[in-house]
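any chance you can model this:
(2 chains)
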There are 2 protein chains.
Amino acid sequence: MSIRPIEQGSVTSPAGFQASGIIAGLKRSGAKDLAMLYSPRPCVAVGAFTSNLFAAAPVIYDRKLIAADSPIHAIVINSGNANACTGQQGLQDAEKTAAHAASLLCLHPSQVLVSSTGRIGVPMPMGIILAGVDKAVKALAAAGGRDAADAIMTTDTRPKSHAVAVDVGGTTVRIGGMTKGAGMIAPKLRMQPPQATMLSYITTDAAIERQALHDCLARALDLSYNRITVDGDTSTNDTVIALANGAAGNDLIKVGTPEAELFFQAFVEVVARLAREMVLDGEGVTRFVEINVCGAKNAAEARRCAEAIANSALCKTAWFGADPNWGRILCAAGYSGCEFDPTTVNLDFMSTPVVRRGMDAGTPEAELAEIVKAKELTINLDLGAGPGAFTVWSCDMTYDYVKINADYHT
Amino acid sequence: MSIRPIEQGSVTSPAGFQASGIIAGLKRSGAKDLAMLYSPRPCVAVGAFTSNLFAAAPVIYDRKLIAADSPIHAIVINSGNANACTGQQGLQDAEKTAAHAASLLCLHPSQVLVSSTGRIGVPMPMGIILAGVDKAVKALAAAGGRDAADAIMTTDTRPKSHAVAVDVGGTTVRIGGMTKGAGMIAPKLRMQPPQATMLSYITTDAAIERQALHDCLARALDLSYNRITVDGDTSTNDTVIALANGAAGNDLIKVGTPEAELFFQAFVEVVARLAREMVLDGEGVTRFVEINVCGAKNAAEARRCAEAIANSALCKTAWFGADPNWGRILCAAGYSGCEFDPTTVNLDFMSTPVVRRGMDAGTPEAELAEIVKAKELTINLDLGAGPGAFTVWSCDMTYDYVKINADYHT
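Coordinates of the predicted model:
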């Protein structure tokens, strides 16, 4: 039953996956900027993509392939250019990238997905991209997961990978993942079209039915990527793709079985860890804040309330200043659009009472001031209006956030 | 017909109004913190208040008096304490403040309104407040408008007053106003209960029907206070109150007449100016940004789209950095929830094309970089989906915004 972390785990921890991360030359910094994921065995693929109307070309391209249930062997991922707001040319460029990788790997173009992240509205420098694909194919290796995690970074300060192993029906299967943030992070991912740039890739060597993998990802979203926010901006390029190649040789995991549930638990362990890491490594972040709202009329209202607090500039700057100013939290709940009675609201920082029935709970301010100094703060808000609950992972807003985003372009 | 600005205009520019602003001792800084507005003649009063569920005690108190059509003679306004999230005690304190002012001015308590702004969740120091009211009554003067505008400030850097004169039916009437910002500014004011901390007071010596004044304020909101945002946080204390004492001796302005329309034009001139000033003096603001969205399916969608752009942390930090990164603007429109076709979207900075049909319009980036250096930037976004239009006034997000709000409390 136990889910075991794999040390130095990555997308190549599951059997039968290769990866690479190389310098194509898209980034002025000269850092790695093109990654490739490859499985010689065909993969069942499911994905969730941004709900932004300006979905980037690779998002449009991938959605189509995944909807067609095309068996997938590879993903080409570039940082440094988002290929968004680039029109027909952008779509052709995404297709051309996939076709080039396919020809090198002796695949059909429909077996290769593409992802991009970076600046919006700039045509893809296709010479650099195609030469980069050549290089990335040559660099593919069973130990390449860490290089791939490096190459997909933009404003991230560190690569983010994780993997676990779990025994399903007597056979050990592995689930690995990698992700990048670190700004334009407030994913609202949808499994169905239409749906940060947050990019995340999950690999598994489990043999699993497509529907079971689809359900697994769909259920996992609200427990991971869709509960995080760095700046409240939902990108044109947000992408989560899960690939299962069956190399572990387990009995096929089917929908609605105990095996599927166990696989789901292990899957959530990977994606929740990656989502948390994304907030911890968010632009300029110094403090991680978990906001648990309960007692809302329903889950949707709880989410709306938690997101209002999580995205409030006044709450986020107070967290930066380690300021126990709870008035800003109640204020955000009050304008969130949730329905509740202000006199039934209770608020705790960690397990310390802050507000009771809408008023100061009487905990000495010096005590609260100590609590909010924690690097990881938990805020528990009970609206007292019903059974609805939701959790959001947020962070503080800092000088460095402003600096990174005022200076990003120029 | 002409609407004329009054030099050094304030809430005491209209005939028959007195005001004062004094040091009660609520602010640690020792600055003025209690203001009073007074008209010996009874005033018709209308108001609009925050839609935040945690409406502060003075908001609850004022709403009741205004709904009862009580003739109003005075308003007591304190900064330094919001009297919000203070329960029954807070309501009693608001009543006590009004009653004390009433007794000093030989009025009925129902003829005095109260407003508060400052820290949430702290009981009102009633000794300081009541002694301050004594002092403020003694200081009332026909030239006191500027002092009152000083005393209502919190993080504002300068007082904000304005007044105009206009001839209605052969008689000159005057309209004056004062306001304060400068954070927790994204008013969503409602004329009806339930409805920043933005506080704003409009005085006029015009004789005007209550319904006409009500309609005037209701129509003016979307052209002024409800189109501004500094940080997207809607306060527990937002209040706009308009008082008309009839001292000008004009023929009563009635609903639906040309005179009411003219009065409305002059009224908007005052409140729009005050609302703009509030953004220009917003916390840490270095750049004013007008966002005009047109071509939305309807006005509500245009507003939603404009507000998404206006409150986007990535757009606001780009404006601070004078970064022509239009991808962030399109991205915000794309996640706003508005419905439109990305390939019909056009964007201009001032009158310079930036995006045509969802793609780069080809204006050299150096040219755009020059335009976005303006202290006042106009962004025109046409979604190409319908007749809906809305304008929002926003600003950049700066180091100083973070500093002011991370350090406010401690």
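
domain-wise, how is chain A divided?
Chain A breaks down into these domains under automatic domain parsing: A:3-280, A:288-407.

these: which one's closest to B:Asn81?
Ranking the domains of chain A by distance to B:Asn81, with C-beta to C-beta as the measure, places domain A:288-407 first at 10.9 Å. Where C-beta positions appear, they are placed from N, C-alpha and C, glycine not excepted.

tell me how far the closest one lies from the chain's centre.
Computed by C-alpha atoms, centre = their mean, to the nearest Å, the chain-centroid distance of domain A:288-407 equals 22 Å.

distance between the ends of that domain?
End-to-end distance of domain A:288-407: 24 Å, with C-alpha to C-alpha, to the nearest Å as the criterion.

what pLDDT, on average, does it get?
Averaging pLDDT along domain A:288-407 yields 95.

chain B contacts on the stretch 251-400 of chain A?
A:311-314, A:317-318, A:320-328, A:330-335, A:338-340, A:342-343, A:355, A:357-360, A:369, A:397-399 (C-beta under 8 Å from any C-beta of the partner chain).

buried subset of the residues you listed as a ChimeraX selection?
For the buried members of those, the matching ChimeraX selection, counting by 16 or more other C-beta atoms under 10 Å in any protein chain shown, is:
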select /A:311,312,313,314,317,318,320,321,322,323,324,325,326,327,328,330,331,332,333,334,335,338,340,342,355,358,359,360,397,398,399
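
next step: the residues of the stretch 251-400 of chain A next to chain B restricted to helices.
A:311, A:313-314, A:317-318, A:320, A:327-328, A:330-335, A:369, A:399 (DSSP state H).

can you list the strands that the strand or helix carrying A:Glu290 pairs with?
Per DSSP states H and E, A:Glu290 falls inside strand A:288-296. Next to strand A:288-296 in the sheet, as set by DSSP bridges, lie strand A:376-382 (parallel), strand A:388-395 (antiparallel).

if we can go back for a sec, any idea which of the domains of chain A is most buried?
Neighbour counts (mean count of other C-beta atoms under 10 Å in any protein chain shown) averaged over each of these peak at domain A:3-280, with a mean of 22.

check the separation of the first and last residues in that one.
Using C-alpha to C-alpha, the end-to-end distance of domain A:3-280 comes to 23 Å.

now that domain, how far from the centre of its chain.
Chain-centre distance of domain A:3-280: 10 Å, with C-alpha atoms, centre = their mean.

quick revisit: out of the ones in helices among the residues of the stretch 251-400 of chain A next to chain B, which is nearest to chain B?
Nearest to chain B, judged by C-beta to the nearest C-beta, of those is A:Gly327 at 2.5 Å.

separation between the closest residue to that closest one other than its chain neighbours and A:Arg328?
Distances taken as C-beta to C-beta, 6 or more residues apart in numbering or on different chains put B:Ile120 closest to A:Gly327, at 2.5 Å, once the chain neighbours are dropped. Distance of B:Ile120 to A:Arg328, given as C-beta to C-beta, to the nearest Å: 7 Å.

likewise for A:Gly9?
Distance, A:Gly9 to A:Arg328, using C-beta to C-beta: 39 Å.

the longest helix in chain A is where?
helix A:258-280.

got phi/psi on the spatially closest residue to A:Thr344 that is not a sequence neighbour?
Spatial nearest neighbour of A:Thr344, chain neighbours left out: A:Gly384 (3.1 Å); criterion: C-beta to C-beta, 6+ apart. When quoted as degrees, to the nearest 10, the phi and psi of A:Gly384 stand at phi 70, psi 30.

for chain B, see how far away the spatially most central residue of chain A is.
Closest to where the C-alpha atoms of chain A average out (C-alpha atoms, centre = their mean) is A:Tyr225, at 4.3 Å. Distance of A:Tyr225 to chain B, computed by C-beta to the nearest C-beta, to the nearest Å: 15 Å.

tell me who's in contact with that residue.
Shown in contact with A:Tyr225 (C-beta atoms under 8 Å, 6 or more residues apart in numbering or on different chains): A:Ala48, A:Pro187, A:Leu189, A:Met198, A:Ser200, A:Asp238, A:Val240, A:Val271, A:Ala275.

now with 7 Å, please.
Listed by C-beta atoms under 7 Å, 6 or more residues apart in numbering or on different chains, the contact set of A:Tyr225 reads A:Pro187, A:Leu189, A:Met198, A:Ser200, A:Val240, A:Val271, A:Ala275.

also A:Ala306?
Shown in contact with A:Ala306 (C-beta under 7 Å, 6+ apart): A:Ile291, A:Val293, A:Phe390, A:Thr391, A:Val392.

repeat the analysis, applying 8 Å as the threshold.
Applying C-beta under 8 Å, 6+ apart, the residues near A:Ala306 are A:Ile291, A:Asn292, A:Val293, A:Leu381, A:Phe390, A:Thr391, A:Val392.

do the same with A:Ile23
Applying C-beta under 8 Å, 6+ apart to A:Ile23 gives the contacts A:Gly30, A:Ala31, A:Lys32, A:Asp33, A:Leu34, A:Lys135.

and for A:Ile75?
By C-beta under 8 Å, 6+ apart, the contact list for A:Ile75 reads A:Met36, A:Leu37, A:Val112, A:Leu113, A:Val114, A:Ser115, A:Tyr201, A:Ile241, A:Leu243.

try 6 Å this time
By C-beta atoms under 6 Å, 6 or more residues apart in numbering or on different chains, A:Ile75 lies in contact with A:Leu37, A:Leu113.

and the gap between it and chain B?
Plainly put, A:Ile75 is 23 Å away from chain B if you go by C-beta to the nearest C-beta.
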